[in-house]
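Chemist: Coordinates only, no sequence provided:
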């Protein structure tokens, strides 16, 4: 059975992550693995530097209080995690997902995702995490590193879930875009979802030919597909087309074929993730 990895930190995006994971699970007939990672800072008590001019007795008392404080923080973090996972189980059960695994682990998501991604077919997390959930000018600190690391597609959820009936695939004939086309042609993830392929720019022969081939491949897989080549700036045209076409999902490569560095998400991708209210299915 395919497995979906849903990463949660209890932010305002948590419910949306569960809803998007449930939608994907129904499409793929998959199980859902909910993962909550506790900051490694809480794994052990902190030994503070209390050197200075205070007396030995006061120094020992202060150190003991700090150790007790860190132990309390660790217990609270674990209790919070358990509550989050119980809420996730209940949310997914209410959505009709029978196969759910919920785990609480120690570590940082960005450092650990490669291990968990190896056992998953799709990774779902919020566009923003607990620290940036209300700051729409910034993406979550984990998102970039997760997308850069994961071998499997990453579904970055919007703040609220809406039924996905129409999707837009931003086509640029690059390697990551072709990977998205191949995935959608062989996966049932967008079964029943109409797909609009959009290429922004002059539409040279390579892009036009690739767009035609992509349409044929996706149509042969049973998808309802339309295509469009539009002039303009990619950020603006893609966002405007999503609104005009009433799309509920953006599909795109995380990096364009003209990227300068592999260490950052492509500028068009990052801008669209920040400004578009729809979820994004990303490929690297």
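Modeler: Ah, there it is. All of these numbers come straight from a predicted model, not from anything done at the bench.
Chemist: by contact count, what packs against the worst-scoring helix or strand of the chain on mean pLDDT?
Modeler: None of the helices or strands of the chain scores lower by mean pLDDT, DSSP states H and E than helix 267-275, at a mean of 76. Contacts defined by 3 or more CB pairs under 8 Å, 6 or more residues apart in numbering; DSSP states H and E place helix 267-275 against helix 234-245, strand 249-253, strand 280-283. Where C-beta positions appear, they are placed from N, C-alpha and C, glycine not excepted.
Chemist: and of the ones you listed, who's closest to residue 25?
Modeler: strand 280-283 (14.7 Å; CB to CB).
Chemist: Go ahead and name everything in contact with that closest one.
Modeler: Residues from elsewhere that reach strand 280-283, judged by CB atoms under 8 Å, 6 or more residues apart in numbering: 127, 147, 153-156, 167, 176-177, 179-180, 183, 189, 249-254, 269, 272-273.
Chemist: any idea how far residue 185 lies from residue 214?
Modeler: Using CB to CB, to the nearest Å, residue 185 is found at 9 Å from residue 214.
Chemist: Comparing those two, which residue is more hemmed in?
Modeler: residue 214 (25 against 17; other CB atoms under 10 Å).
Chemist: from what I can see the more buried one touches residue 172, true?
Modeler: No. Between residue 214 and residue 172 there is no contact under CB atoms under 8 Å: 11.0 Å.
Chemist: Would you enumerate the residues in contact with the residue nearest to the spatial centre of the chain?
Modeler: For the chain, residue 156 is the residue whose C-alpha lies nearest the centre (CA atoms, centre = their mean; 3.0 Å). Residue 156 makes contact with 125-127, 143, 147, 273, 279-282, according to CB under 8 Å, 6+ apart.
Chemist: Among those residues, which one sits closest to residue 220?
Modeler: Using CB to CB, the contacts of residue 156 come closest to residue 220 at residue 281, 20.4 Å.
Chemist: The closest residue to residue 19 other than its chain neighbours and residue 16, how far apart?
Modeler: Using CB to CB, 6 or more residues apart in numbering and skipping the chain neighbours, the partner closest in space to residue 19 is residue 161 (3.5 Å). Per CB to CB, residue 161 is found 5 Å from residue 16.
Chemist: Which strand or helix spans the residue nearest to the centre of the chain?
Modeler: strand 154-157 (DSSP states H and E).
Chemist: what sits up against whichever helix or strand comes after that strand?
Modeler: Going down the chain from strand 154-157, the next helix or strand is strand 166-170, by DSSP H and E. For strand 166-170, the external contacting residues (CB under 8 Å, 6+ apart) are 177, 180-181, 184, 190, 193-200, 214, 234, 238, 241-242, 245-253, 268, 272, 281.
Chemist: Quick check: PyMOL command selecting the buried ones in those residues.
Modeler: Typed into PyMOL, the line below selects the buried ones among those, using 16 or more other CB atoms under 10 Å:
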select buried, resi 177+180+181+184+190+193+195+196+197+198+199+200+214+234+238+241+242+245+247+248+249+250+251+252+253+268+272+281
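Chemist: quick one: low-confidence parts of the stretch 1-150 of the chain?
Modeler: Along the stretch 1-150 of the chain, the parts satisfying pLDDT under 70 run over 39-57, 59, 128-141.
Chemist: what ranges do the helices span in it?
Modeler: Applying DSSP state H, counting those that start in this stretch to the stretch 1-150 of the chain gives helices spanning 14-28, 56-94, 109-117, 141-149.
Chemist: Mind checking the helices and strands packed on helix 267-275 for the one nearest to residue 107?
Modeler: strand 280-283 (22.5 Å).
Chemist: Tell me which strands the closest one pairs with, and in which orientation.
Modeler: strand 154-157 (antiparallel), strand 249-253 (parallel) (DSSP bridges).
Chemist: between the last one and helix 234-245, how many degrees?
Modeler: To tie it back to what came earlier, the one meant is strand 249-253. 150 degrees (axes from the mean of the first three to the mean of the last three CA atoms, to 10 degrees).
Chemist: let's number from 456 now, not from 1
Modeler: Sure, I'll start numbering at 456, so the last one becomes strand 704-708.
Chemist: can you state the direction angle for strand 704-708 and helix 722-730?
Modeler: Calculated by the same axes, to 10 degrees, strand 704-708 forms an angle of 160 degrees with helix 722-730.
Chemist: circling back: in the strand holding residue 611, what's buried?
Modeler: 609-612.
Chemist: returning to that earlier point: residue 490 is nearest to which of the helices of the stretch 456-605 of the chain?
Modeler: That would be helix 564-572 among the helices of the stretch 456-605 of the chain, by CB to CB, at 6.1 Å.
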